[in-house]
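Asks: okay, sequence plus prediction incoming.
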Amino acid sequence: MKSEITISELAKLMNVSVHQIRYFEEKGVLEPAYKDNNQYRMYSTEQVYQLAHILLLRKLGVPVHSIKECMTSFSADQYRQLLQRSLREIEGELLRLEQLQQFIKKVLHEQQNSSSRSRQYQIKRRDTTYFTCWIEMDSSTILDAKLLAEQAKRVPNLFESDIHYIYDGSSIVSLYTETQTPDDFSLPGGNYLSMQSLINEENELKHLIEQFYDYAAAQSYVISGPLILIEKSYLSLFSNNKLHYELQVLIETVATSEGGNDHDYGTDND
DNA sequence: GTTCTTACA
DNA sequence: TGTAAGTA
């Protein structure tokens, strides 16, 4: 009974494909102990350990063609650097996944929120929020793909964020994304009248805004500050590409209705 | 049945 | 990297 093993046994032992082992040989990183009379590759424990190292280096992102160089010439210090580099890469990847996880949670949460409360008015408490401007345009301009590509400031995952259109009464409308630190613009904390809506076409927006202001007037809310239109394009995923908008405007706290208030003071703002 | 080589997507 | 064909 031979003490060496065949390629398929080695493959099974190390949980890799036979093809991969031959590939490593072709690239000069793993030679069999010897070839049997039938040309079968035979491997001993030495190759087992060697393959373990190769697989580890692969996991660290070392390309197959440079593994040979690693194994023959790397000092302990060079290996340490290699490990530190891949540690940093993994931390970056972890961060990316955490952000994706957060986004998924947010979408699920918002989707549930919008499907149950479409066209409902709410009062939302908002803390001071900061924004970065990514495009500024005349309100009569149509935001087409060309304009988007040419003028917009690069924002990572733009369409996964809540895009804030701020109408300050002038003819300029600015598009913002939220940031953690003070930047181009900020909204004061306070109570905001909010309405969420699903619309089919952009031209329904005007009507929606009128409705919104009518409602505010009917409820005797004292409006201050600009009109905020929030576009949540990622929610269109759920509704045949209908557009999801939320209108918000800062209202001055009404002193007359203390206590008894039938509004939803949801603090479910991000 | 297993492995080998070669070729291909 | 996986899969397939044709051999030994």
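Replies: Cool, the structure landed. All of these numbers come straight from a predicted model, not from anything done at the bench.
Asks: now for the residue lying closest to A:S233 once chain neighbours are set aside, how many residues are close by?
Replies: Of all residues not flanking A:S233 in the chain, A:F159 sits nearest, at 4.9 Å (C-beta to C-beta, 6 or more residues apart in numbering). For the C-beta atoms, the positions are set from N, CA and C on the backbone; glycine is no exception. A:F159 has 11 neighbours, counted by other C-beta atoms under 10 Å.
Asks: could you do A:P32 as well?
Replies: By other C-beta under 10 Å, the residues close to A:P32 number 20.
Asks: please identify the helix or strand for the residue of the stretch 51-200 of chain A at minimum distance from DNA strand C.
Replies: Relative to DNA strand C, the nearest point of the stretch 51-200 of chain A is A:R58 (6.4 Å; C-beta to the nearest atom of the strand). Element membership of A:R58, judged by DSSP states H and E, is helix A:45-59.
Asks: the stretch 51-200 of chain A: strands as residue ranges?
Replies: For the stretch 51-200 of chain A, applying DSSP state E, counting those that start in this stretch gives strands covering A:121-126, A:129-138, A:163-167, A:172-179, A:185-187, A:190-199.
Asks: for A:E150, find the nearest of those.
Replies: Closest of the strands of the stretch 51-200 of chain A to A:E150 is strand A:129-138, at 9.8 Å (criterion: C-beta to C-beta).
Asks: quick one: the residue in the stretch 1-150 of chain A that DNA strand C sits nearest to and A:Y23, what's the gap?
Replies: Using C-beta to the nearest atom of the strand, the closest approach of the stretch 1-150 of chain A to DNA strand C is made by A:S17 at 3.4 Å. Distance of A:S17 to A:Y23, computed by C-beta to C-beta, to the nearest Å: 9 Å.
Asks: and what of A:I230?
Replies: With distances taken as C-beta to C-beta, A:I230 is found 52 Å from A:Y23.
Asks: looking at the stretch 151-270 of chain A, which residue is nearest DNA strand B?
Replies: Closest point on the stretch 151-270 of chain A to DNA strand B, by C-beta to the nearest atom of the strand, is A:L237, at 30.7 Å.
Asks: pretty sure that residue is in a strand, no?
Replies: No: counting by DSSP: H, G, I helix; E, B strand; the rest coil, A:L237 is not part of a strand but helix.
Asks: tell me the contacts of the residue nearest to the spatial centre of chain A?
Replies: Nearest residue to the geometric centre of chain A (C-alpha atoms, centre = their mean): A:L100, 4.3 Å. With contact set as C-beta atoms under 8 Å, 6 or more residues apart in numbering, A:L100 has no partners.
Asks: ok, now with 10 Å
Replies: A:157, A:160 (C-beta atoms under 10 Å, 6 or more residues apart in numbering).
Asks: next one, pLDDT for it please.
Replies: At A:L100, the pLDDT value in this model is 91.
Asks: alongside DNA strand C, which residues does chain A contribute?
Replies: Contacts of chain A with DNA strand C, taken as C-beta under 7 Å from any atom of the strand, map to A:17, A:19-20, A:23, A:58, A:64.
Asks: re earlier: could the strands of the stretch 51-200 of chain A be laid out in CSV, adding mean neighbour count?
Replies: Compiled in CSV, these are given as follows (neighbours: other C-beta atoms under 10 Å):
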stretch, mean neighbour count
strand A:121-126, 17
strand A:129-138, 16
strand A:163-167, 19
strand A:172-179, 19
strand A:185-187, 17
strand A:190-199, 19
